[in-house]
Structure formats: structure tokens, C-alpha cells
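>>> I'd like to go over a predicted model; first the sequence, then the structure.
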Amino acid sequence: MIRSRLFSARSWPVLEGLGCWTPLARVFPSPGRLLPQHASPRLLSVSCAGCTKHQDPPRKKRLSEKKLKRHFVDHRRVLVRGGRGGDGVSCFHSEPRKEFGGPDGGDGGYGGHVILRVDRQVKSLSSVLSQYQGFDGGAGGRKNCFGRSGAILYVQVGFPNAGKSSLLRAISNARPAVASYPFTTLNPHVGVVHCEDHQQIAVADIPGIVRGAHQNRGLGLAFLRHIERCPFLLFVLDLSVPEPWTQLDDLKYELEQYREGLSGRPHAVVANKVDLPQARARLPQLQARLGREAIALSATTGENLEELLLHLKELHDDHVAAELERGRQPLRW
Ligand SMILES: Nc1nc2c(ncn2[C@@H]2O[C@H](COP(=O)(O)OP(=O)(O)OP(=O)(O)O)[C@@H](O)[C@H]2O)c(=O)[nH]1
Ligand SMILES: [Mg+2]
């Protein structure tokens, strides 16, 4: 196995074809690497420029948007069976000098559950299998011993996102893709909102920012770059998930880590999916946590979009006024 690994490793093409391998920990930093016993020291040198080039850890290739889309799976039909319960045991108590000890067979353990667990880091259902079988419970034992319960099998699944693209579709003529898995949007989409006074505001739908984005997690740096050019921000939260305020904390943290002061730009907080009963129930808690008003709306039903448009206009007018004060002409669409 080790031999085939070495032969296939591109970093060391000079060693190919040599037989009889032995560990040479002093020459190579990694003790696990094996080298041929009769190879000359020149061949084994790691200080030459060419070899140094080969030592760089292989970089992960960035997937193109087309390829990323091909990897996405947002529907899966899955057959799930819980684990089988363990068998009970039929036996009688047996002890010296004790007659009629009675039955003492223990019950079998419970069959294991299969639980679908949502995970924000799972981008697609491509890794979800078509069948899952829970773990079986263990058989019972003598002396009323219960069998071991089957372990729980967790399947990680595609958490629907906050609804930024749905919102842009609702307030403008832009048509970004909408789907129930994260990273549906991989490039910013710009929609133009037409105001009553014939003004136009360009609104950009930025791809989702995940925790760790400032360290380029989930292509975070490419996405954060777009935000730099936005004079004011709308933070869109998914009100249907528990503790929605943590989304805002995460977003602000990522912005601040990426560029100091970015999270302090003029902004409004949008609490989306208020059409869902569990979301509506969470609204007072969110308001209390934020200590300010969040614009509760539904991008799907269009509920309360007017309030968002009013806030948007306010943010835009403040920006125009600030630019004019600085002697700069604001960009018009
Ligand atoms: N019930 C309900 N569902 C919504 C609402 N807005 C969006 N959704 C659903 O939420 C899911 C995600 O919507 P998107 O608009 O794609 O979310 P996004 O924030 O753009 O997601 P990314 O582009 O992946 O960052 C979709 O299944 C939408 O149908 C809403 O107001 N109510
Ligand atoms: Mg989107």
C-alpha cells in the first residue's frame, strides 16, 4: 500500500521505479515517508529549488460556478428504517439452595433512531444516501439485564437560507435563482427598485456569508469583497430558525474581521419568513435581543414589504445627503 502511494505521489517523481523502501526520518520531516534504500544522496536532497517547489502542499482548486451547480442536489428520496429492537431472553434465576428463583431474563435494548439533523455547513444533499438503517439493539441477558440500545444515526442535511434572493425578486425586477439550500447565489445580482419620486435604488443580493467567511470559508473573501462597495446594508435574517439573532452577530463579526468598521455602516435588519407561525412567535424575542426594530416581512407573501421600501429610501436619502455634504456627487441609476 505504501509503495503504491509513493509511486502515485507527484511530488517525488525522481524516486519512481526504485525498489526496496525504508524510512528516512532525518532527510524528510515527515517520519511516515519511505525512501529507497539504495537511492543516492543527490537524489534524496530536498534543498534544490526544483524539489522545494514540489514540497508546497497541493492547493485546492476553486470550483467554477458551473461545476458547483452540478454538485448541488436539493431533492433526495430516502428510505429510513429505525434499528431493530434487541431480543429478550427467556431464562430462570438459578442459585444454589434456592428453589423456584423465577424468570430473570432481561428485555432487549431499543433499536437505534435515525435522525435527520440540519447543518448550516452542508451545502448540498449529494452526500445523502438513498437508504439508512438504524443500529440494532443488543439482546437482553440473564439476571434481568437489559440489552444495549442501538446508537443514534445522524444524517446531516441542505438548511434553507434566509431568503435574500427571494426578497430581491419581491422588490425589484431582478430574477436571481431561489432554492432551499445554501449557496444558491454564487454571484451578486443587482436589482433596481423604483421609488415613487422616480428615484431608482440599486440593491445587490450578495451570496450567503457563513461563519469563518473572513478566513475564506465558503468562498467568503470573494463574497465579502462585494460588500465593501455598498454604502448601506440590509441584514436579512431567517426568523424561522431558533435564535435568529445569532445570524446577525455572526454576520457583523465576519464583516468586522474582514474590514474594520464595515459592520458599522448604515444598515437595517430584516426578519424574513414571518408568514411561518414559528417565525412570527420569535419576533418579540428578536426585537428584545436587538434592542431595536427589525423589519418583519415575508418575501414569499409580500407582507410588510412597504416598510422595507420606506427604510430603503431613508437609507438612500441619508447616503445622498452625506455624499453631497462631502462635496461628492452620488452615483445615480
Ligand atoms: N416561508 C417562507 N419561505 C421563504 C421566504 N423567503 C424565502 N423563502 C424560502 O427560503 C429558501 C431560500 O431562499 P433564497 O431566496 O434562495 O435564499 P438566499 O438567502 O438567497 O440563499 P443563498 O443564495 O443560498 O444565500 C427558499 O426555499 C425560499 O422559497 C419567506 O418569506 N417565507
Ligand atoms: Mg440567493
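Structure received. Numbering: from 1, shown residues only. Ligands and ions are numbered 1, 2, ... in the order given.
>>> give me the residue from the stretch 201-333 of the chain nearest ligand 2.
Distances between the stretch 201-333 of the chain and ligand 2 by C-beta to the ion are smallest at Asp205, namely 5.9 Å. Heads up, the C-betas are built off the backbone N, CA and C, glycines and all.
>>> what's that residue sitting at in phi/psi?
As for Asp205, its main-chain torsions (degrees, to the nearest 10) stand at phi -100, psi 110.
>>> that one pairs with what?
Beta bridges link Asp205 to His189, judged by DSSP bridges.
>>> wait, it touches Lys164, no?
Yes: taking C-beta atoms under 8 Å as the definition, Asp205 is a contact partner of Lys164 at 5.1 Å.
>>> between the two, which one's more packed in?
Higher neighbour count among Asp205 and Lys164: Lys164, with 26 against 22, using other C-beta atoms under 10 Å.
>>> give the contact list for the more buried one.
For Lys164, the set of contacting residues under the criterion of C-beta atoms under 8 Å, 6 or more residues apart in numbering consists of Thr185, Asp205, Ile206, Gly208, Val236.
>>> swap in 10 Å and give it another go.
176, 178, 184-185, 189, 203-208, 234-236, 238, 270, 272, 299 (C-beta atoms under 10 Å, 6 or more residues apart in numbering).
>>> likewise for Glu303?
Contacts here follow C-beta under 10 Å, 6+ apart; on that basis Glu303 touches Val274, Asp275, Ala296, Leu297.
>>> farthest pair within the residues you listed?
Farthest apart among these by C-beta to C-beta are Asp275 and Ala296. That separation is 10.2 Å.
>>> for these two, indicate the residue with more neighbours.
Ranked by neighbour count (other C-beta under 10 Å), Asp275 and Ala296 place Ala296 first, with 23 against 16.
>>> need phi/psi at the residue of the chain most remote from its centre.
For the chain, the C-alpha farthest from the mean C-alpha position belongs to Arg97; by C-alpha atoms, centre = their mean, that distance is 64.8 Å. Main-chain dihedrals, Arg97, degrees, to the nearest 10: phi 60, psi 20.
>>> what sits in contact with each of Asp205 and Lys164?
With contacts defined as C-beta under 10 Å, 6+ apart, the residues adjacent to both Asp205 and Lys164 are Pro176, Thr185, His189, Leu234, Val236.
>>> helices and strands around the helix or strand hosting the fourth one, which ones?
Under the criterion DSSP states H and E, the helix or strand holding Leu234 is strand 233-238. Contacts of strand 233-238 with other secondary structure elements, assessed using 3 or more C-beta pairs under 10 Å, 6 or more residues apart in numbering; DSSP states H and E, are made with helix 164-171, strand 200-205, helix 245-258, strand 267-272, helix 277-290, strand 295-296, helix 305-325.
>>> deepest of the ones you listed, which one?
Taking mean count of other C-beta atoms under 10 Å as the contact definition, the stretch among the helices and strands packed on strand 233-238 with the greatest mean neighbour count is strand 267-272, which reaches a mean of 24.
>>> does that strand come close to ligand 2?
No: contact of strand 267-272 with ligand 2 (C-beta under 5 Å from the ion) is absent, the minimum separation being 11.8 Å.
>>> endpoints of stretch 76-88, how far apart?
Its start and end residues considered, stretch 76-88 measures 36 Å (C-alpha to C-alpha, to the nearest Å).
>>> so which bits of it are buried?
Using 16 or more other C-beta atoms under 10 Å as the burial criterion, the residues of stretch 76-88 that qualify are Gly82, Gly83, Arg84, Gly85, Gly86, Asp87.
>>> one more: stretch 140-157?
Buried residues in stretch 140-157, counted by 16+ other C-beta under 10 Å: Gly140, Gly141, Phe146, Gly147, Arg148, Ser149, Gly150, Leu153, Val155, Val157.
>>> please see if it touches ligand 1.
No: counting by C-beta under 6 Å from any ligand atom, ligand 1 is not contacted by stretch 140-157; separation bottoms out at 13.6 Å.
>>> where does pLDDT dip in the stretch 101-250 of the chain?
Under the criterion pLDDT under 70, the flagged ranges of the stretch 101-250 of the chain are 120-124, 157, 159-160, 179-184, 218.
>>> recalculate using a threshold of 90.
Along the stretch 101-250 of the chain, segments meeting pLDDT under 90 span 101-102, 116-131, 154-162, 173-190, 194-200, 206-229, 240-243, 246-247, 250.
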